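Student: A structural model of the following input is requested.
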Amino acid sequence: MSATPPPRTFHVKSFGCQMNVYDGERMAELLTAEGMRAADDGAAADLVVLNTCHIREKATEKVYSDIGRIVKDGREQGAVPLIAVAGCVAQAEGEEIMTRAPSVRVVVGPQAYHRLPAMVAEAAAGGRATETDMPAEAKFAALPKRRKVGASAFLTVQEGCDKFCTYCVVPYTRGAELSRPFADLVSEARALVEGGAREITLLGQNVNAWAGNDEKGRHVGLAGLAEELGKIDQLARIRYTTSHPADMDDALIEAHGNNPKLMPFLHLPVQSGSDRVLKAMNRSHTAERYLRLLERVRASRPDIALSGDFIVGFPGETEAEFAETLQIIAEARYAQAFSFKFSARPGTPAATMDGQIAPEVLDERLQRLQAALQRDSLAFNHASVGKRCTVLVERKGRHAGQWLGKSPWLQSVHFTGDVAIGDLVEVDLVEAGPNSMGGRLVARAAA
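Tutor: The predicted structure is shown next:
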């Protein structure tokens, strides 16, 4: 393959989870440090990086669809950009991506993207580059220091998973659980705040499995890390996601009641309300233990907003077992939640289990489940009307003078007033919708 001029512009498109968003931001920083400039979209870029997700089947197919579109648009405009595939699809499929999509010149897994600039240079010189090793600590050590960020920023503290849920590819694409060092995280958090962040969301596949030694050599968990980050003066808010019920320890539950910067929001996936299905999924909790855990969290922070994940139609799920999932939803009273039809991922045990559910049954059950979740989400928003809360201003709204921000309970709140991005403002919640709240500005800056 012939050499091409080194790319001067780039575009990173991230699919899937918030960790992919974080990884995409870090890849952009790497390329910027090499002198490249970010383009607004792939059509204007010399290099397009597709930062992929492998959790859902359709997400994988979308990657190949995007590759085809990029090539077609590039040919029409006279120049096909250099295409790199990064993330979990890259990790899972490796060089097979180049066989299926010969226009791809770089394939790099989520633990090796610190090598992206060198791999791009190799591809531009006429070669092809593939890297799917998993030296996670080496990756973080090689990344550049954080630059200017928005009002809310992500910070990956933990990667990988040791749980091996039977439907999930994460242990195979992200590797074993690894916690980044305490000192490194505090340093990066300070850099984010110096760059403009007022809120930091701690990320991990099992974020509450994070553990390390603090500056005094004491072993601490996520609660201890959040406590230390709370000492950063200009950091106003701390969040974390995604958690596993097995790693929700006493200290973290108590932190929701005694750490004022830890927001009253918890995303804690249960996946099913049926104990038999949970066991088949290799989830370590029962429905009853999960509900008792939620009770303890609510006792520590009574106003907490709860979120969860659900998989509909896991192999062998009966109508009665699906009804148990609807029951746990009714008891948990989620403020928001994510729900998916079971999607068989190659290489996972669930992909070859007996009792695969017919597509039309999956569709019908998902509709019923989402109706229940939407009912409870709207009820939570209606119950919030009349509250006065602090909103972090994140961006302008669609209408003149309108602003959008997040409440402590992670609700999107729109309002008008004389404010700026990054402000913390006092807002009365006056209107509830299914996906957002309407607010009235009370004070420009929170005390």
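Student: centroid residue for the protein?
Tutor: Nearest residue to the geometric centre of the chain (CA atoms, centre = their mean): Q18, 2.1 Å.
Student: for that residue, give me the backbone phi and psi.
Tutor: phi -70, psi -30 (degrees, to the nearest 10).
Student: my guess is it contacts Q205. True?
Tutor: No. Using CB atoms under 8 Å as the test, Q18 is too far from Q205 to be in contact (10.9 Å). Where C-beta positions appear, they are placed from N, C-alpha and C, glycine not excepted.
Student: could you chop this structure up by domain?
Tutor: 9-135, 139-383, 388-443 (automatic domain parsing).
Student: CSV for those, including mean pLDDT?
Tutor: Converted to CSV, these look like this (pLDDT from 0 to 100):
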stretch, mean pLDDT
domain 9-135, 87
domain 139-383, 96
domain 388-443, 95
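Student: circling back: now do the contacts for the residue nearest to the centre of the chain.
Tutor: Q18 is in contact with 154, 201, 203, 241, counting by CB atoms under 8 Å, 6 or more residues apart in numbering.
Student: show me what contacts the last one?
Tutor: So that's T241. 18, 201-203, 207, 267.
Student: K148 too?
Tutor: Contacts of K148 by CB under 8 Å, 6+ apart are 195-196.
Student: residue ranges for the strands of the stretch 251-400 of the chain, please.
Tutor: 265-267, 305-312, 336-341, 388-396 (DSSP state E, counting those that start in this stretch).
Student: so of those, which one's packed in deepest?
Tutor: Mean neighbour count (mean count of other CB atoms under 10 Å) peaks for strand 265-267 among those, with a mean of 24.
Student: the strands in the stretch 101-250 of the chain, which residues?
Tutor: Under DSSP E, counting those that start in this stretch, the stretch 101-250 of the chain gives strands at 104-108, 129-131, 152-156, 158-159, 178-179, 199-203, 211-213, 219-221, 237-241.
Student: parallel or antiparallel, which strands does the third one pair with?
Tutor: Right, strand 152-156. Paired with strand 152-156 in the same sheet, following DSSP bridges, are strand 199-203 (parallel).
Student: can you check the first one too?
Tutor: Sheet pairing here is set by DSSP bridges, and for strand 104-108 it gives strand 82-87 (parallel), strand 129-131 (parallel).
Student: now for the strands of the stretch 251-400 of the chain, which one comes closest to K13?
Tutor: Comparison of these against K13 by CB to CB identifies strand 388-396 as nearest, at 19.5 Å.
Student: ok, the closest one: who's next to it in the sheet?
Tutor: Strand 388-396 is paired, per DSSP bridges, with strand 402-406 (antiparallel), strand 424-432 (antiparallel).
Student: alright, I will stop here.
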